[in-house]
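S.K.: sequence unknown, structure follows:
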């Protein structure tokens with residue numbers, strides 16, 4: 001069944017909420033300029049359909065491909081697909097999934113993108129979350145490896161250089177990437193959902209910072225996953241590098257100390273030097289630096305409004 005034209009997304013959500021049984025986990029998969037059938041994440045999920053049903057998992061596919069909009073399809077009782085027709089980034093897609101999870105009484109939202117590989121071990125490990133009934137945990141973060149390197153979870157030092165040694169199962173102030181994060185829907189309700197200012201880059205840092213700031217625990221999940229992270233694999237365009245620089249600078253100055261702001265500037269400058277060829281040489285390095293300091297200024301401006 002497809003919903004197009006004047007029927008609003010909220011009406012669509014309400015329609016499905018009346019038909020779907022309660023489920024504990026909603027996996028949201030965001031795809032962009034990729035055929036759904038070719039997405040590694042979705043292939044790995046569909047291969048495990050029986051296991052998904054066994055562990056009360058539903059799947060929501062959100063297509064951010066420009067021009068692919070105007071439909072909401074129920075592919076079967078466990079899988080739904082919505083095409084938004086534009087690339088609104090991750091935050092708006094996750095916000096749709098958050099509303100969907102609330103409407104269907106789901107306890108957790110599992111964040112995925114098209115380059116993640118879901119395993120039996122992950123799905124089974126989710127059962128441990130359900131059995132623990134750890135209501136005070138805002139985010140469960142599994143270990144994630146990209147190109148043979150740990151990328152999540154990580155801790156951040158005074159000058160923001162990340163430490164990727166996997167923290168203990170009960171750790172303090174740790175951060176993680178979006179992919180494979182298992183997010184408590186009650187926590188999202190508490191903070192008002194996802195921050196759409198951080199529409200693509202730094203959304204993960206904002207989410208984990210929001211958990212720490214609101215007094216929710218971040219706990220490591222005892223399972224290791226594989227993921228293709230573009231910053232590690234090196235497949236990052238100049239425009240994306242500039243976008244990352246802007247939002248990391250903005251995040252640091254909005255939420256962190258002066259030492260961490262300085263450390264972020266140094267770290268981002270060093271990243272640009274390391275990836276000078278990817279930036280297109282020295283002639284584009286100035287534009288990259290401009291984005292860092294523009295982000296710092298915007299973040300400081302946003303910080304000034306926090307108390308108002």
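M.R.: Cool, got the structure. A quick note: this is a predicted structure, and the numbers were derived from the prediction, not measured. Numbering: from 1, shown residues only.
S.K.: Check the gap between the closest residue to residue 110 other than its chain neighbours and residue 148 for me.
M.R.: Excluding its sequence neighbours, the residue lying closest to residue 110 (C-beta to C-beta, 6 or more residues apart in numbering) is residue 27, at 4.6 Å. C-beta: built from backbone N, CA, C; applies to glycine. Distance from residue 27 to residue 148, counting by C-beta to C-beta, to the nearest Å: 26 Å.
S.K.: got it, and residue 306?
M.R.: Counting by C-beta to C-beta - residue 306 and residue 148 are separated by 39 Å.
S.K.: now do residue 190
M.R.: According to C-beta to C-beta, residue 190 and residue 148 sit 37 Å apart.
S.K.: So for those two, which residue has more residues nearby?
M.R.: Neighbours per residue (other C-beta atoms under 10 Å) separate residue 190 from residue 148, with residue 190 holding more: 15 against 7.
S.K.: Sheet-wise, list the partners of the helix or strand containing residue 139 with their directions.
M.R.: According to DSSP states H and E, residue 139 maps onto strand 137-146. Paired neighbours of strand 137-146 in the sheet (DSSP bridges): strand 149-152 (antiparallel), strand 182-184 (antiparallel), strand 217-226 (parallel).
S.K.: So which of those strands is nearest residue 52?
M.R.: With respect to residue 52, and counting by C-beta to C-beta, the nearest of the strands paired with strand 137-146 is strand 182-184 at 14.6 Å.
S.K.: What is the three-state secondary structure of residue 199?
M.R.: coil (DSSP: H, G, I helix; E, B strand; the rest coil).
S.K.: and it, how many neighbours does it have?
M.R.: Neighbours of residue 199 (other C-beta under 10 Å): 18.
S.K.: Repeat that for residue 286.
M.R.: Residue 286: 10 neighbours (other C-beta under 10 Å).
S.K.: Go ahead and confirm residue 126 touches residue 52.
M.R.: No - look at residue 126 against residue 52 with C-beta atoms under 8 Å: they stay out of range, at 10.2 Å.
S.K.: Pull the number of nearby residues for residue 187.
M.R.: 23.
S.K.: Over to residue 52?
M.R.: Residues near residue 52, counting by other C-beta under 10 Å: 21.
S.K.: where do the helices sit along the stretch 151-300 of the chain?
M.R.: 185-191, 203-213, 230-233, 238-255, 258-274, 276-279, 282-304 (DSSP state H, counting those that start in this stretch).
S.K.: So which of the ones you listed is nearest residue 119?
M.R.: helix 230-233 (19.6 Å).
S.K.: how about residue 125, secondary structure?
M.R.: helix.
S.K.: Next: residue 82.
M.R.: Classified using three-state DSSP, residue 82 is strand.
S.K.: Quick check: it touching residue 65?
M.R.: No - Residue 82 lies out of contact with residue 65 (C-beta under 8 Å); the separation is 11.7 Å.
S.K.: Looking only at neighbour counts, state which of those two leads.
M.R.: Using other C-beta under 10 Å as the criterion, residue 82 and residue 65 rank with residue 82 on top: 23 against 17.
S.K.: Quick check: residue 280 vs residue 58, distance?
M.R.: 43 Å.
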